[in-house]
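J.: Sequence first, then the predicted structure, then my questions.
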Amino acid sequence: MSLAVSMAGITKKFGSLTALDSVSLNVQAGTIHAIVGENGAGKTTLMRILYGGLAADSGAIAIDGNSVQFSKSRDSIAAGVGMVSQHYAIIPELSCIQNLLVGAENGTIIDYHAAIKRATELAARMGFAFDWHAEAGTLSPAAAQKLEILKLLWRNARIMILDEPTAMLSPHDSENLFESIQKLVELGSTVILVTHRLPEVLDYCSSVTVLRGGKVVADLPVSETDGARLAELIVGEALVAAPLRTSPNLGPVVLEISSLVVVNERGNEALKSVDLKARTGEIIGIAGVDGSGQRELVQAILGTAKVKSGSVRVANLDSAATTAQRLAVGLRLVPEDRHEEGVVEEWSLEENAALGLQRLSPCAVGSTVDISARRGFAQRIADRFGTRHNGLKLPIFSLSGGNQQRFIAARALGCDPVVIIAFQPARGLDIKGSADVYAGIREAVQHGATALVISFDLDELLVYCDRVVAICNGTISVPPAGLELDRATVGKLMVGTA
Amino acid sequence: MNWRLAALCIGGVALLAVLVIVAGVSPLEAAKSLFSGTLGTPSNIAGTLRETTPLLIAGIAVFVALRAGLFNIGVEGQFLVGAMASAVIGLRFPGPGGVVLAILGGMGAGALWALPAGLIKAYRNGHEVITTIMLNTVADRFTSAMVSGPIKAPGGNTSTLPLTPSTSIPSITIAGVEISTALFFGVLATLGLAWWLRHMVSGYELEATGANRTAAKYAGIETRRVTVQAMVISGAIAGLAGSVQVLAFEHRFYAGFSPGYGFDALGVALLAASQAVALVPAALLFGVLAKGATVLQIDGIPKGITTVVLGVLILVAAAIRYRRAKAIA
């Protein structure tokens, strides 16, 4: 068999960070090849280089045995490489046929008659059917995915990169999608599948490449491995630093989630019957790949999600409590998306210090803002983790990302926290900064709080948490007693192969 | 204020000079008559301040909504219904007590006129620019119809009866310049607004909603409620501007009541950018240009020229705001 794709010695650095370190990838023509790894392992970077969206610092790429050099994605399309990214590039206001054509029109004046004829042929070959004049916004996620695949066929792609194609699909739609993918392969295409879901790899792929920390750690036929070994390869066996925990002094339950079902914006169940109890004195890690329901869990605890059934009780509040009431009893958040959810960028540090605490002491006295106390509070939280700034009156966007993170982590811990929800609290921080923030969380927990730490980085959680549960596909799985910090156990749970 | 505002003012004057030359008049001559016509004599100053008053109060209305992230184009319509309600109430209840009732009625009418836009924005995410533009048209037709029929005074004009002299907001005379007390109220309201935004938790929450809706929601702020409240407050203040126009200056309501104060107020608020106190000089600048337009007309310079200058000022101010927003994003 011939090689459809051959990437050799690909290295890519972003500043001081080595995203890819001499990575090689060989994909046999006419197969489905999986690429797996944790977030930040380099999967997407590698695919972007193959697709021409990013230039490698060094290394060589050959497509069908011909050496190529892509400087933009148009070149890669010409060579027959196409990619469907995780977030579909469908323009909802345009019709299906217009979406199919966009960027690859069949002439200056579009011949819709000819276009629909060819599109229908391509669709029939795959067993798809489309109402070509319908608005693409009306398509289901599964149909949108199919349209994306047709877009690649329209552009004569023979090598197709699918990035997390089932991330937004139901299990049934996922099965259908893989039938289509197998059909693609029968028709002569080569498919590279980037995924977090190991069952997909085991059921449908012929070979798999495992990336970790920008390096290839394994490259093997799927027949020679199994889910447990893959999970182990993905999370790695890096040394776990000595844990900081002492035997936790557990207190009352201050966060109780029961049978929680949450519906996301698309109307899918993002959380399916989640149960979790958190006591004061413990740090609970929630491990899982991106998009497993973490976002909806945070929103449900905060009181901004669409709860279909079940309950979330923060401290002694009932589950109908407003966000403001929850914040008033000590719910604190380090949000996932700092810019969107955590700060008002053009506001000063002083003003941002009060965001979320604006009705509470020391930032407010009754219904008035206590400006001098707020300034003092801002000073304290800036000092807490060593936020480097040039004045508390300057807008917070003047700070680097890491310093903003220090500031908002300190804000969440600085005002009598009871339930701390920290979404990647050490995001963008160096080792010292991370250790400081986690030490701060530990201190708060010892003073009568509980903390839920959500991270895509299992190792980080294993180091700092008292126990780690896994979230996968909207369900939280608790490891058996005694294995709460066992990497292999949690690793399997978070990719759904246990 | 900042150097940008100063540059804008100078740029505006320069543009005016060019246009005056095009119109065939010596710019120096025009400047002289513009100055003397707006600020030269006590009565001309009074005329300028009279123009400034509704612009300032309506500017506050636009400003409040802007701080909550809402572009209330509907101030014109809210101004009209507020003015009409005040005239109707003032005619029904003459005297100082009636003035108070008329003011409250005008504010209520303006608030009610803004309420649908607030609700549609908060709960259906319908854009407030579209809804308030439509409400403006409705307000215009509605008040015209009212003053042509049910509330029309006997006789030829599409106007209400005049209010009695006791049914008015008093003015005082300082150094020969007659100034309506409403202007002082407007200045005080501006200072009060600035204080509220900075020192009250509700003001903080309003600005947070305007600056970053998602972060505000995560901070426990009921952004929908804030949106509706901001729109209603803005409408009430716009209605107040209409009330003041009736009770302090016009003493009746008539068809075509507003020469576009509600729209000029958008420019006032845009020029003030994020500083409430800057509303006062911005309104004064607009007041000078509004009064100046009539003066220049006497010299044979088309009235439209000052409108062009105002338009350019607003565009540049909006461009500066937009550029800032982009730089942050």
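T.: In hand now; what should we look at?

J.: Which residue ranges of the stretch 201-350 of chain A form strands?
T.: Per DSSP state E, counting those that start in this stretch, the stretch 201-350 of chain A carries strands over the ranges A:207-212, A:215-221, A:253-263, A:269-279, A:283-287, A:306-314, A:331-334.

J.: Which elements pack onto the last one?
T.: When contacts are defined as 3 or more Cβ pairs under 8 Å, 6 or more residues apart in numbering or on different chains; DSSP states H and E, strand A:331-334 packs onto helix A:294-302, helix A:401-413, strand A:419-423. Backbone N, C-alpha and C define where each C-beta goes, glycine included.

J.: Out of the ones you listed, the one nearest residue B:267 is which?
T.: Evaluated over the helices and strands packed on strand A:331-334, closeness to residue B:267 peaks at helix A:401-413, with 35.4 Å, by Cβ to Cβ.

J.: what's the closest one in contact with?
T.: Identification of contacts with helix A:401-413 by Cβ atoms under 8 Å, 6 or more residues apart in numbering or on different chains yields A:332-335, A:338, A:342-343, A:349, A:352-353, A:355-357, A:380-382, A:384-389, A:396, A:399, A:420, A:422, A:425-430, A:433, A:436-437, A:440-441, A:443-444.

J.: what distance separates it from the centre of its chain?
T.: In terms of Cα atoms, centre = their mean, to the nearest Å, the centre of helix A:401-413 is set 21 Å apart from its chain centre.

J.: Can you check what angle separates it from strand A:419-423?
T.: Here helix A:401-413 runs at an angle of 160 degrees relative to strand A:419-423 (axes from the mean of the first three to the mean of the last three Cα atoms, to 10 degrees).

J.: hang on, the earlier thing: so among the contacts of helix A:401-413, which ones count as buried?
T.: Among the contacts of helix A:401-413, those classed as buried by 16 or more other Cβ atoms under 10 Å in any protein chain shown are A:332-335, A:338, A:342-343, A:349, A:352-353, A:355-357, A:381-382, A:384-385, A:387, A:389, A:396, A:399, A:420, A:422, A:425-427, A:429, A:433, A:436-437, A:440-441, A:444.

J.: what's near enough to touch residue B:182?
T.: By Cβ under 8 Å, 6+ apart, residue B:182 lies in contact with B:53, B:57, B:169, B:244, B:247-248.

J.: That one sits in which helix or strand?
T.: helix B:181-199 (DSSP states H and E).

J.: So which residues on the stretch 101-250 of chain B come close to chain A?
T.: Within reach of chain A by Cβ under 8 Å from any Cβ of the partner chain, the stretch 101-250 of chain B has these residues: B:198-205, B:208, B:211-212, B:214-215, B:217-222.

J.: Give the PyMOL command for selecting the buried subset of those.
T.: Applying 16+ other Cβ under 10 Å to these leaves a buried subset, and the PyMOL line that selects it is:
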select buried, chain B and resi 200+201+202+203+204+205+208+211+212+215+217+218+219+220+221+222
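
J.: Let's see which of the residues of the stretch 101-250 of chain B next to chain A end up in strands.
T.: Using DSSP state E, the subset of these located in strands is empty.

J.: Restricted to helices, list the residues of the stretch 101-250 of chain B next to chain A.
T.: Among these, the residues falling in helices (DSSP state H) are B:198-199, B:201-205, B:208, B:211, B:214-215, B:217-218.

J.: Perfect, I'm done here.
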